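**Student:** Fold the following.
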Amino acid sequence: LKRPMKKKNYATVFVYGTLKKGFCNAEYLQDSEYLGPSKTKHPNYSLVGVFSNDYDYLGLLHDGKYYVEGEIYNIDAATLKKLDVLEEVDIEYKRELVQLENGESAWAYFYMEDAPKDFCRNHRQLNKENNMVHWLSSV
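**Tutor:** Numbers count the residues shown, from 1 in each chain. Here you go, the predicted model:
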């Protein structure tokens, strides 16, 4: 895992769903610095599948007991604004800092709705050995 480079007007973002490499929104991060895979430092989260007319996507919630795997990127201010628009910040998602396994913090998008915990079992894998949650299939 690369340490984030401290650049002016850059932020670190943790992505866990459609923004990851190989998924439908990865293009938003194509010009950003990929720092590598990561996971949350604490097992306090859950992922739920959210279904829309266009495609399925994930929502990160605070009310779980799992670590979440994802990817981290250094992004510029313009990319952060684009992600906020994509994620509909303050409408569907909220952007909050999350602590990662390396002790660093990164922005992550948390789902604002009270979705059922078992909303979409086929889009998450619970590894009972280490309480990890990650998305299995690309959209």
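
**Student:** Where do the helices of the protein begin and end?
**Tutor:** 77-86 (DSSP state H).

**Student:** lowest-pLDDT helix or strand in it?
**Tutor:** strand 125-127 (a mean of 38; mean pLDDT, DSSP states H and E).

**Student:** where in this protein is pLDDT low?
**Tutor:** Within the chain, the ranges that satisfy pLDDT under 70 run 1-9, 50-55, 113-139.

**Student:** Run a quick neighbour tally on Leu35.
**Tutor:** With neighbours defined by other Cβ atoms under 10 Å, the count for Leu35 comes to 22. Using the backbone N, CA and C atoms, a C-beta is placed for each residue, glycine as well.

**Student:** Glu27 too?
**Tutor:** As a burial measure, Glu27 scores 9 neighbours (other Cβ under 10 Å).

**Student:** Now do the same contact list for it.
**Tutor:** Applying Cβ atoms under 8 Å, 6 or more residues apart in numbering to Glu27 gives no contacts.

**Student:** one more time with 10 Å
**Tutor:** The contact partners of Glu27, by Cβ atoms under 10 Å, 6 or more residues apart in numbering, come to Leu19.

**Student:** can you check Lys21 too?
**Tutor:** Lys21 neighbours (Cβ under 10 Å, 6+ apart): Val15, Leu29, Gln30, Tyr34, Pro37, Glu71, Tyr73, Ser138.

**Student:** again, 7 Å this time
**Tutor:** Counting by Cβ atoms under 7 Å, 6 or more residues apart in numbering, Lys21 makes contact with Glu71.
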